[in-house]
Structure formats: C-alpha cells, structure tokens
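Q: Sequence first, then the predicted structure:
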Amino acid sequence: MKQLKRLSFMSSFLIAILLFVSCSDDSSTSPNDDTPQNMILVKGGSFQMGNTHNTENDDEQPVHEVKLNDFYLGTVEISIKEFVSFLNEIEIGEDCLYNENLLVNLNSLTSSSIAYQDSQFVFNKCLESKSENCSVVEISWYGALEYCNWRSETEGYEPCYKIDGSKIEYFPNNNGYRLPTEAEWEYAAKGGQSGIADDYIFSGCNTAEELLDYAWFTTNSFDLGENSVDYGVHPGAEKLPNQLGLYDMTGNVYEWCWDWYGEEYYLNSPTENPLGPETGEYRLIRGAAWDGWADYDCYVAYRGNASPEDTEYYLGFRIAKNK
C-alpha cells in the first residue's frame, strides 16, 4: 500500500514538472517576446553590400562593408486587406489625397485592387490581384509612409515621419514602424549573418531553376498569360522563405525603401547604418516583381528607383521597426 502511494505521489510530481516546463517553453505567450506580429528580428552585423557576382551595373559597385544594428522586418509584404483598413480608419475621400499627397491609385483597370464604394474603401478583385490577401500595389512612397505612421499610432508607438506635403522629416531613433533602408533591405534579402557564407544571387537560392520555388517572377507568373491563376500579384508566403524566414524578398512586388536613389552613392556610403543621400529625385525600390526577369532584376543587389509619387502595378512595400 505504501508503494502505491509513493508511485502516485511521484506520478503527480512528474506531471506538475512537465506542465511547468511546457508553460515556460511556450514562446508564443512569453512576456519577454516583444517581436511585433508578423515580423522577425534581424540580428545586425557587418556584410558586403553591392553586387558580389558581376560588375555590369555601375550603381551596384563598389562592393563595400556596411554595419547595421538589429531591426525588425515584416515577414511578408503589406496586403490589400491591411491597406484598406488603414484607408478607412484615416477617413479620406475618393481622391485618395492625404497631407497633399496621393496615397493609392484606384484607376487602373487591371491592377487597382482597391475601390471606393458607398463612402468606404473595399477590395476590388481585378485581373492582377485576385484576393484581398495579395500584396497591395499601386501605392505611392507617401502612401507607404502614411501607413507606417498610422500603424505606429494605432499600436502606441512613436511615428517615424512628420509629413507635410513633399516635405518629410524622418526620426530614425523613434520606435514606430517605418520603411527599411536600402542597406537593411539588402542585408535581409541576402539572409543576414546566416547568408554571408551562402552569398546567394537571389534571396534564398542561387539558380533560376531554384528560384521557381522561392519567387513569383516572369517564368511562373507573367509568362503564363492572363488566363492563368498564377498571373499577377500573389498573397505572401506562398513560396519558400530565405534563410531568415522572409518571404518574397525576390519577386511578387517591388518594395519601397526609405532612401533617395544615388547612382554613385556606394562610392562614399557611410559604413554604419547608412540612410542614403540627403536629397534626390527618385526613391529606392527593391526586390523585383511578378513580371521580373531572373537575369535582369531579380538578383538581390539590383537597385530600382521610382518617383515618390509614382503608383505602379508592380510596386508595394513591407515594414520595418527598430529593435
């Protein structure tokens, strides 16, 4: 009888320990886990920025060392659903003007995935965006900044931007959401510290054949034609992630960055946490889109650019945040 009681006591003791360990290891509910929803922590460090595989484009040279702090980056691009919520919250009109800037284009027959109906913004199923979970496009650089500020204020963070028409003040030390810098974007696309040894051409892989599993681009999207379900913009995370767990860093939609574009910026870029030129005409866009070419603009070092007021069928964004 004493042996049975001892076994019963020991069993209860072991169960209690297992329950305690199980609760302690639940990282999804840990109060110490302050990573924002749908973002990952990118550990900072030094890396070689620029095109390490060829020297055909002068603006990708010289390859130079850059050192970055830790930061958070969205695992996927901002979706149509998320941007529609933002538009309705800030209560703007059908002209989509806010702080004197156009935020989104509603007038493309094939790529405008947002419409204005009965005094509110709604998802508009179109040829190139078939679901509200697709990455949002036709967004200006100003639209991306306004979204970041709105989300910061909604979640109790300090906004990173003061916006007065085309005059933008940036507060890089604030804790709100923001666009990634060009250097942060390239570092993350290359896989951070995990990707240094790999030195992949594309985000997550090295060949155009492998890229089919990692990205939506011309071969598996645009070239299939308008009757294909794979033609156009896709929801995030339908392909494989890169070494950091980031999706669509190559393909699907181009992504706005904070920086002004400077063709010769790499010649005198600061080593630590560069923010790009102080002035310019165009802002950086990175990552290629669903009609991008593996041998043209899909590689991680490619530097695209667009006017900040531009809205394009291929252009969206993802958000970043300071650690």
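A: Nice, thanks for sending it over. Numbers count the residues shown, from 1 in each chain.
Q: Which segments of the chain make up each domain?
A: 1-33, 41-79+126-322 (automatic domain parsing).
Q: closest to Tyr98 out of those domains?
A: Distance to Tyr98, taken as C-beta to C-beta, is lowest for domain 41-79+126-322 among the domains of the chain, at 5.8 Å. Every residue, glycine included, has its C-beta placed from N, CA and C.
Q: hang on, the earlier thing: turn the domains of the chain into JSON lines, including mean neighbour count, distance to Leu109 and mean pLDDT.
A: Below are those laid out as JSON lines (neighbours: other C-beta atoms under 10 Å; distance: least, C-beta to C-beta, whole Å; pLDDT from 0 to 100):
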{"stretch": "domain 1-33", "mean neighbour count": "9", "distance to Leu109": "43", "mean pLDDT": "38"}
{"stretch": "domain 41-79+126-322", "mean neighbour count": "20", "distance to Leu109": "7", "mean pLDDT": "98"}
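Q: List the neighbouring strands of the longest strand seen in the chain plus their orientation.
A: Assignment by DSSP state E gives strand 254-260 as the longest strand of the chain. Applying DSSP bridges to the sheet, strand 254-260 is found paired with strand 283-286 (antiparallel), strand 315-316 (parallel).
Q: returning to what we had before: could you dump the domains of the chain to CSV with distance to Gln117?
A: Formatted as CSV, the domains of the chain follow (distance: least, C-beta to C-beta, whole Å):
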stretch, distance to Gln117
domain 1-33, 38
domain 41-79+126-322, 14
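Q: Please name whichever of these is nearest to Asp95.
A: That would be, of the domains of the chain and by C-beta to C-beta, domain 41-79+126-322, which comes in at 13.0 Å.
Q: rewinding a little: with respect to Val104, which of the strands paired with strand 254-260 lies nearest?
A: Here strand 315-316 is closest among the strands paired with strand 254-260 (C-beta to C-beta), at 10.5 Å.
Q: if we can go back for a sec, now distance to Glu255 too, for the strands paired with strand 254-260, in a markdown table please.
A: Formatted as a markdown table, those follow (distance: least, C-beta to C-beta, whole Å):
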| stretch | distance to Glu255 |
| --- | --- |
| strand 283-286 | 5 |
| strand 315-316 | 6 |
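Q: just so I know, which of those lies nearest Leu179?
A: strand 283-286 (8.9 Å).
Q: what's the following helix or strand after that closest one?
A: Once the chain leaves strand 283-286, the next helix or strand it forms, by DSSP states H and E, is strand 304-306.
Q: distance of the residue lying closest to Gln48 once chain neighbours are set aside from Leu212?
A: Nearest non-adjacent residue to Gln48, counting by C-beta to C-beta, 6 or more residues apart in numbering: Val63, 5.2 Å away. As judged by C-beta to C-beta, to the nearest Å, Val63 and Leu212 stand 28 Å apart.
Q: For the nearest residue to Gln193 once chain neighbours are set aside, give its distance to Phe71.
A: Excluding its sequence neighbours, the residue lying closest to Gln193 (C-beta to C-beta, 6+ apart) is Gly45, at 4.9 Å. For Gly45, the distance to Phe71 equals 11 Å [C-beta to C-beta].
Q: what do you get for Ile319?
A: Distance of Ile319 to Phe71, computed by C-beta to C-beta: 11 Å.
Q: what do these two both touch?
A: Pro180 (C-beta atoms under 8 Å, 6 or more residues apart in numbering).
Q: Could you pull up the residues touching the nearest residue to Pro235 once chain neighbours are set aside?
A: Leaving aside its sequence neighbours, Pro235 sits nearest to Asn133 (C-beta to C-beta, 6+ apart; 4.0 Å). Counting by C-beta under 8 Å, 6+ apart, Asn133 touches Ser79, Ile80, Lys81, Pro235, Gly236.
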